[in-house]
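Engineer: when you get a sec, could you give me coordinates for this:
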Amino acid sequence: MLFERIQIGNITLKNRIVMPAIDLGFCPDGKVNDRFISFYEERARGGAGLIMIGGTAIEEQEVWGGFVSIHDDSYIEGHQKLVTALKKHGAHVGIQLFHAGRYSFAFINGHKIKAPSAIPSPLNRQVPHELTIEEIKEIIKHFGEAALRAKKAGYDVIEVIGSAGYLINQFYSPVTNMRTDEYGGSLENRMRFGLEVIKEIRSQVGKDMVLSIRLSGSDFVPNGNTWVEMAQFAKELEKASLDMINVTGGWHESKIPQIQSEVPLGAYSYLASKVKQVVNIPVVASNRINNPQTAEEILLSGKADMVSIARGFVADSEWALKANNGKAETIRQCIGCMYCFDKLFGDISNDHSVGCAVNPRCGLEQERNITKASKPSQVLVIGAGPAGLEAARVAAIKGHKVTIVEKNDKIGGQWNIAAVPPGKSPFNSLLDYYQNILAELDVEIRLNTCADPELVKNINPDKIIVATGARVSTPPFPIDDKANVVSAWDILEGKPIHGSQVVVIGGGSVGCETALYISKLGTIDADTLHFLTFHQIESDDTLYDLLTKGTYGVTLVEMDKRLARDMGRATRWTVLKQMNTMGINTMTETKVKEITANGVKVQHGNEEMLITADTVVIATGSTPNTELYNELKQMFREVHLVGDAVSPAKVADAIHQGFLVANEL
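Structural biologist: Below you'll find the model as predicted:
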């Protein structure tokens, strides 16, 4: 069904794949630019049926954070250029109109934040100005004017954002709307603003323009709207002349993961189904639909008429093209690592714009073209971790003859254990991708082959890329020979745990995720939970205990004040939430003095204590493995070092480094 045509209003899409609106952060002045166009043109070329642009600001003060805008007629020309570029590849193009309300960061430019009620947002901690009736009417008018500009620019679909906790959500939710006038109180009054926005847009653009809303299927905040209220809103929106509803998850401030790797694929498609049951217009399912199989299952089940593929297209611009051409196995899937969010909203980069851990060209489509080498060479890549695999891929695309040697019996290096902690199994898809794409590119992979100078001399390559990774660092404290001490890597590779009490030393991302992994050993899996629930064998309390109480007691010790400081903020909170739920005892600002036969001697403030432990797990970092590189540098003219062998870092650093080095060969 994925590649069947579908009628929406008066337009026919070539397939049922929607690339929904995502803030890219590419437009500092709100104007469409070449970087913005290049990003979307690759996705249009890659087969998306409908591409939604935005969120797009409708007011001048909402031009912040790199959001694109259409608040003024002077912005129309840029949008026309964008629409023309995308339509020549057969895509239909829509625009999402956006007002952040209390989520706005307009205050950084000296503007006041506006919302239904003066209730601050946890995102910006600013108390918003409570809108007057006159100001509400003005915003509704601005939505209509922006829609008319969008029509003039040539867009096929106009959408408003009624999701993620933005302005329309804020009016509809009892959590953020405390008004006592016609825009507050009852359900009917709270939905009035959103309905009036749709009616104003329709009056401006006429009966033939396709109108859509991106709708939260549930707020996922305490005392907020559930799917019941959202379904009621959907029915009224259809009556107000809406043509399509794109159903997503909850608000940005929700404490429920929505797109992280731990979210099962297609998990929130039930929200689209609830809306589809009460309307007669096309409904789009969203969130964690990362592969064609999941997309097809949602369509075939009747939960939705179309699917949103957002980060799927971020990770692989040819997502739809590959799926349609029978090459789904070569799709580079989104792994749910949240690098895109962390780069846009976090502090991992000074350039607050979307990037992708697994796709080094994302957002840099113009600068990072892969061009054919003028003189093909024989390239040897030593090490099949993410950096080496990406380097091999790029070198092969450039026309080089590439050989990878890997000492283990499978590719992936430390990435294999990165996929072991709870919620990280989607990381395995990255290795599936490399296995398939490298086979297609005719890259030779020699497993169970330990590289040394003699082997390299025999191969006699023109160029060498060393991606030998890192090794576990030696802990800076004494260890009793009788103590049972293992590394976090050992545990994640399946080494057994002795006894019942475990102490993990090191509260970075590796330590936290290893502690979480250990805490979940002995809990029930999803299939068992389904079976016990379906047959009503145990009470809800017992089921919860079976999910959250494992075999081992776990204590995590960290010198710093904060745990998982090296983890992106979009993932960190979910890991800490899981650790708390699993009952992991955490001790921060605690220094390890020594490991004894009976446990771990620590100092917390002025107090020294012994934490009893049967097994002690070391997660105190790793050291670059550069010995072979140093030897080869003396023997060969062109030798490059990439990945953790340069400096232990994140997968994004490894993959991007591998790309850049190989693209210069």
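Engineer: Phe193 contacts Phe143, correct?
Structural biologist: No - under the criterion of Cβ atoms under 8 Å, Phe193 makes no contact with Phe143, lying 10.1 Å away. To be clear about C-beta, it is placed using only N, CA and C from the backbone, and glycine gets the same treatment.
Engineer: give me the common contacts of these two.
Structural biologist: With contacts defined as Cβ atoms under 8 Å, 6 or more residues apart in numbering, no residue is shared by Phe193 and Phe143.
Engineer: and stretch 453-466, end to end?
Structural biologist: End-to-end distance for stretch 453-466: 12 Å, by Cα to Cα, to the nearest Å.
Engineer: right, I mislabeled it, should have said stretch 150-169
Structural biologist: End-to-end span of stretch 150-169 (Cα to Cα): 23 Å.
Engineer: average pLDDT across it?
Structural biologist: Mean pLDDT, stretch 150-169: 97.
Engineer: what helices and strands are in contact with the least confident helix or strand in the chain by mean pLDDT?
Structural biologist: Every helix and strand of the chain was ranked by mean pLDDT, DSSP states H and E. The lowest is helix 339-345, at a mean of 92. On a contact count with 3 or more Cβ pairs under 8 Å, 6 or more residues apart in numbering; DSSP states H and E, helix 339-345 meets helix 569-581.
Engineer: and the helix it packs on, what's buried?
Structural biologist: Neighbour-count burial for helix 569-581 flags 570-572, 574-576, 578-579 (criterion: 16 or more other Cβ atoms under 10 Å).
Engineer: what's the closest of the residues you listed to Glu329?
Structural biologist: When the buried residues of helix 569-581 are ranked by distance to Glu329 (Cβ to Cβ), Thr571 comes first, at 26.9 Å.
Engineer: right, and that closest one touches Ile259 too?
Structural biologist: No - here Thr571 does not reach Ile259: they are 10.5 Å apart, not a contact under Cβ under 8 Å.
Engineer: what touches both of those two?
Structural biologist: Contact criterion Cβ under 8 Å, 6+ apart; residues shared by Thr571 and Ile259: Met338.
Engineer: can you give me the strands in the stretch 301-450 of the chain?
Structural biologist: 306-308, 378-382, 401-405, 444-446 (DSSP state E, counting those that start in this stretch).
Engineer: what's the most buried one of the ones you listed?
Structural biologist: Most buried of the strands of the stretch 301-450 of the chain, by mean neighbour count (mean count of other Cβ atoms under 10 Å): strand 306-308, with a mean of 28.
Engineer: domain ranges for the protein, per the record?
Structural biologist: The chain breaks down into these domains under the TED database: 6-345, 378-472+623-664, 485-620.
Engineer: rebuild these as TSV, extending it with distance to Glu365.
Structural biologist: Shown next, in TSV, are the domains of the chain (distance: least, Cβ to Cβ, whole Å):
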stretch	distance to Glu365
domain 6-345	4
domain 378-472+623-664	13
domain 485-620	23
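Engineer: list phi and psi for the most centrally placed residue in the chain.
Structural biologist: The centroid of the chain falls nearest to Met338 when counting by Cα atoms, centre = their mean (3.4 Å). For Met338, the backbone dihedrals are phi 70, psi 20 (criterion: degrees, to the nearest 10).
Engineer: with Met19 as the reference, measure out to it.
Structural biologist: According to Cβ to Cβ, to the nearest Å, Met338 and Met19 sit 19 Å apart.
Engineer: ditto for Gln578
Structural biologist: Look at Gln578 and Met19: by Cβ to Cβ, they are 31 Å apart.
Engineer: what does Asn448 give?
Structural biologist: Applying Cβ to Cβ, the value for Asn448 to Met19 is 42 Å.
Engineer: again with Ile289
Structural biologist: 11 Å.
Engineer: overlap in contacts of these two?
Structural biologist: Joint contacts of Ile289 and Met19 (Cβ under 8 Å, 6+ apart) are 308-309.
Engineer: where along the stretch 401-550 of the chain do the helices fall?
Structural biologist: 415-418, 428-440, 453-459, 488-492, 509-520, 526-534, 540-548 (DSSP state H, counting those that start in this stretch).
Engineer: ranking those helices by burial, who's on top?
Structural biologist: helix 509-520 (a mean of 25).
Engineer: and it, average pLDDT?
Structural biologist: 98.
Engineer: likewise for stretch 283-297?
Structural biologist: 97.
Engineer: just stretch 65-85 next, same as before
Structural biologist: Stretch 65-85 shows a mean pLDDT of 96.
Engineer: if we look at it, which residues are touching it?
Structural biologist: For stretch 65-85, contacts defined as Cβ under 8 Å, 6+ apart pick out 23-28, 30-33, 36-37, 40-41, 44, 53-60, 62-63, 93, 95, 97-98, 105, 142, 146, 149-150, 152-155, 352-353.
Engineer: repeat for stretch 443-461
Structural biologist: Residues outside stretch 443-461 that contact it (Cβ under 8 Å, 6+ apart): 377-380, 382-384, 392-393, 396, 402-411, 438, 464, 468, 628, 631-632, 635-636.
Engineer: and for stretch 599-606?
Structural biologist: Here stretch 599-606 has contacts from 501, 503, 505, 557, 587, 589-595, 608-613, 616, using Cβ under 8 Å, 6+ apart.
Engineer: show me those that map onto strands.
Structural biologist: 501, 503, 505, 557, 587, 590-595, 608-612, 616 (DSSP state E).
Engineer: buried subset of those as a ChimeraX selection?
Structural biologist: With 16+ other Cβ under 10 Å as the criterion, this ChimeraX line picks the buried residues out of those:
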select :501,503,505,557,587,590,592,595,611,616
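Engineer: got the end-to-end distance for stretch 399-416?
Structural biologist: Stretch 399-416 has an end-to-end distance of 29 Å (Cα to Cα).
Engineer: and stretch 261-271, by the same measure?
Structural biologist: Counting by Cα to Cα, you get 19 Å between the two ends of stretch 261-271.
Engineer: now do that stretch, average pLDDT.
Structural biologist: If you average the pLDDT over stretch 261-271, you get 97.
Engineer: and it, which residues are buried?
Structural biologist: For stretch 261-271, burial by neighbour count (16+ other Cβ under 10 Å) applies to 261-263, 265-269, 271.
Engineer: with stretch 182-201 instead?
Structural biologist: By neighbour count on 16+ other Cβ under 10 Å, the buried set for stretch 182-201 is 183-184, 189-198, 200-201.
Engineer: among those, list the two that are farthest apart in space.
Structural biologist: Within those, Gly184 and Ile201 form the most distant pair, 22.3 Å apart (Cβ to Cβ).
Engineer: tell me the gap between the least confident helix or strand of the chain and the middle of its chain.
Structural biologist: Offset of helix 339-345 from its chain centre (Cα atoms, centre = their mean, to the nearest Å): 8 Å.
Engineer: neighbouring contacts of it?
Structural biologist: For helix 339-345, the external contacting residues (Cβ under 8 Å, 6+ apart) are 23-25, 311, 314, 348-349, 351-357, 362, 568-571, 650, 652.
Engineer: just the buried residues from those, in PyMOL please.
Structural biologist: Buried residues among these (16+ other Cβ under 10 Å), as a PyMOL selection:
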select buried, resi 23+24+25+311+314+348+353+354+355+356+357+362+568+570+571+650+652
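Engineer: out of the contacts of helix 339-345, which are inside helices?
Structural biologist: Of the contacts of helix 339-345, the ones assigned to helices by DSSP state H are 311, 314, 569-571, 652.
Engineer: check these and tell me the two furthest apart.
Structural biologist: Pairwise distances across those (Cβ to Cβ) peak at 18.4 Å, for the pair Val314 and Arg569.
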